[in-house]
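Visitor: model the structure of this input:
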Amino acid sequence: MKENPYAQWTLNFNSMWLALKAHRLTSDTIANPNDLYLTLGSGERNYAEQADLYAKGRSAPGPIVTRAKPGQSAHNFGLARDLILHNQAHHTDDEVTDLYAMVYFLATENYLETGFKWRGIYDPLHIQLPKFAKRAKCWARSSDVLPG
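Guide: Numbering: from 1, shown residues only. Sure, this is the predicted structure:
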């Protein structure tokens, strides 16, 4: 029986999310409505949704938000999550950057990758399985079938 390639992702993401909760950066209830906090955003995304995002800044209005075409994003396989930052307008750029750095630190401590240090499109609240593209190619060559 083959090992589930997604098991480690789930374990790592859950560990990182618990660490964020412990640092009180995420919350279901916030005492002060101006507190800076995170919630879970986009997770699994189908190919049509990815195509719509990829079109932005190209054939659709708005800035370019992704370099990944459908089938090239970890979101298409449920191996990425985006976090949503709330109340950014009530805080300094330094406070927001510190929060991004905390997310980066906690993600890397849990063997996950973030868009914090990406070149091109800066996406500090994107978290995914490390080296997703290389792993996806390996899985595709094996008899494992990636979800679509």
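
Visitor: which stretches of the chain have low pLDDT?
Guide: Applying pLDDT under 70 to the chain flags residues 1-12, 14-15, 17-34, 136-148.

Visitor: strands along that one, start to end?
Guide: 37-40, 80-86, 113-115, 123-128 (DSSP state E).

Visitor: in JSON lines: the ones you listed, plus distance to Ser73 and mean neighbour count.
Guide: Quick note: C-beta positions are derived from backbone N, CA and C, even for glycine. Shown next, in JSON lines, are those (distance: least, CB to CB, whole Å; neighbours: other CB atoms under 10 Å):
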{"stretch": "strand 37-40", "distance to Ser73": "17", "mean neighbour count": "16"}
{"stretch": "strand 80-86", "distance to Ser73": "7", "mean neighbour count": "19"}
{"stretch": "strand 113-115", "distance to Ser73": "12", "mean neighbour count": "20"}
{"stretch": "strand 123-128", "distance to Ser73": "9", "mean neighbour count": "22"}
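
Visitor: quick check: closest non-adjacent residue to Gly120.
Guide: Leaving aside its chain neighbours, Gly120 sits nearest to Arg67 (6.3 Å; criterion: CB to CB, 6 or more residues apart in numbering).

Visitor: give me the neighbour count for that neighbour.
Guide: Taking other CB atoms under 10 Å as the criterion, the count of residues near Arg67 is 11.

Visitor: and it, how far from Tyr122?
Guide: According to CB to CB, to the nearest Å, Arg67 and Tyr122 sit 12 Å apart.

Visitor: in JSON lines: the strands of the chain, plus distance to Ala74.
Guide: Formatted as JSON lines, those follow (distance: least, CB to CB, whole Å):
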{"stretch": "strand 37-40", "distance to Ala74": "15"}
{"stretch": "strand 80-86", "distance to Ala74": "4"}
{"stretch": "strand 113-115", "distance to Ala74": "9"}
{"stretch": "strand 123-128", "distance to Ala74": "4"}
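
Visitor: and of those strands, who's closest to Ala51?
Guide: Between Ala51 and the strands of the chain, the shortest separation by CB to CB is 16.4 Å, and it involves strand 80-86.

Visitor: what's the angle from the closest one to strand 123-128?
Guide: Counting by axes from the mean of the first three to the mean of the last three CA atoms, to 10 degrees, strand 80-86 lies at 150 degrees to strand 123-128.

Visitor: fine by me, thanks again.
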